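[1] model the following, please.
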Amino acid sequence: MQRPSSSGGRKRERAFGRVLQEVRKERGLSQEQLGFESGYHRTYISFLERGKKNPTLATVFDLAETLKLPAWELVRRIEARLK
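    As a prediction, the model looks like this:
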């Protein structure tokens with residue numbers, strides 16, 4: 001199996017970021033509030049939302065829990081955006 005290209009990875013990171021931002025806004029949270037509630041720094045949340053950082057699986061689960069939705073729903077939304 002071939003490893004995805006780095007440009008494909010960036011596309012996924014940007015999609016994750018857009019979905020994260022959408023859900024955060026749906027919940028009425030600022031980046032600072034999401035960071036505080038999830039234990040991450042606001043700057044890291046900003047990097048994620050702009051597709052500049054690649055979250056770990058633990059981060060995805062932490063953010064999903066903080067946003068009160070299952071991690072699979074976050075991933076489903078990302079996959080839908082990539083299609």
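[2] buried residues, the strand or helix carrying residue 43. List them.
    In this assignment (DSSP states H and E), residue 43 forms part of helix 42-49. By 16 or more other CB atoms under 10 Å, the buried positions in helix 42-49 come out as 44-49. Placement of C-beta: from N, CA and C, glycine included.
[3] tell me the one of the residues you listed nearest residue 18?
    Residue 18 has its nearest neighbour among the buried residues of helix 42-49 in residue 49, at 7.6 Å by CB to CB.
[4] follow-up on the earlier one: for my notes, please list the buried residues of helix 42-49 in a markdown table and give pLDDT for each entry.
    Below are the buried residues of helix 42-49 laid out as a markdown table (pLDDT from 0 to 100):
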| residue | pLDDT |
| --- | --- |
| 44 | 98 |
| 45 | 98 |
| 46 | 98 |
| 47 | 98 |
| 48 | 98 |
| 49 | 98 |
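[5] output these in CSV, with distance to residue 30 appended to each entry.
    Below are these laid out as CSV (distance: CB to CB, whole Å):
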residue, distance to residue 30
44, 14
45, 9
46, 11
47, 15
48, 14
49, 12
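[6] before I go, just wanted to say thanks for your time.
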